[in-house]
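[1] test case, fold it:
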Amino acid sequence: MSEVGTTRNGLGRLLVFVYGVLAFAASGRASFELTTKFTEAPFPYTLSIIAAVVYVVATWALATNRRTIALATVTFELVGVVAVGLSSLVWTDKFPEASVWSDFGAGYGWVPLVLPVVGLWWLLRKRG
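    Numbers count the residues shown, from 1 in each chain. Model prediction:
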């Protein structure tokens, strides 16, 4: 019997996996930036810390089927990626170094831009 809307199989499981990879990557990046060179670019590095927290919470919420928290987190992620992406292109002086979401996540193959769209579609699609 298939469980529609859970993360036990199919696209839900893939979303948890990809969010987990981004949580790991963003956490590692943010930890390195925070401990070794935070004073060089505090604004983008702070944004990387925020992105890491968002990915950790989104992974947890999706993996444990906490839909409301997942919706809030993934929505925040999409708004953040778009806002930081635009800001990094317009106010280049504020971004002497890239953050996870700079240039719409170009440093991560634009996965940070595509993933919340897929995540929101998955969370909001009609349940059967």
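[2] quick one: mean pLDDT for the longest helix belonging to the chain?
    With residue count as the measure and DSSP state H as the assignment, the chain has helix 10-36 as its longest helix. Rounded to a whole number, the mean pLDDT of helix 10-36 is 94.
[3] that one: which residues count as buried?
    In terms of neighbour count (16 or more other C-beta atoms under 10 Å), helix 10-36 has its buried residues at 12, 15-16, 18-20, 22-23, 25-27, 29-30, 33. All C-beta atoms are positioned from the backbone trio N, CA, C, and that covers glycine.
[4] let's see stretch 26-39 as CSV, backbone CA atoms only.
    Listed in CSV are the C-alpha atoms of stretch 26-39, where the atom choice follows Å, rounded to 0.1, in the frame of the first residue of the first chain:
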residue,chain,number,x,y,z
ALA,A,26,25.7,24.5,3.9
SER,A,27,26.5,23.6,7.5
GLY,A,28,30.0,22.7,6.6
ARG,A,29,30.5,25.9,4.6
ALA,A,30,28.9,28.1,7.2
SER,A,31,31.0,26.5,10.0
PHE,A,32,34.2,27.1,8.0
GLU,A,33,33.3,30.7,7.2
LEU,A,34,32.3,31.5,10.7
THR,A,35,35.4,30.1,12.3
THR,A,36,38.0,31.1,9.8
LYS,A,37,37.0,34.3,7.9
PHE,A,38,33.8,35.8,9.2
THR,A,39,35.3,39.3,9.5
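[5] what residues does it touch?
    In this structure, residues lying in contact with stretch 26-39 by C-beta atoms under 8 Å, 6 or more residues apart in numbering are 41, 45, 48-49, 51-52, 55-56, 97, 100.
[6] show the buried residues in the residues you listed.
    When burial is judged by neighbour count using 16+ other C-beta under 10 Å, the buried members of the contacts of stretch 26-39 are 41, 45, 48-49, 51-52, 55-56, 100.
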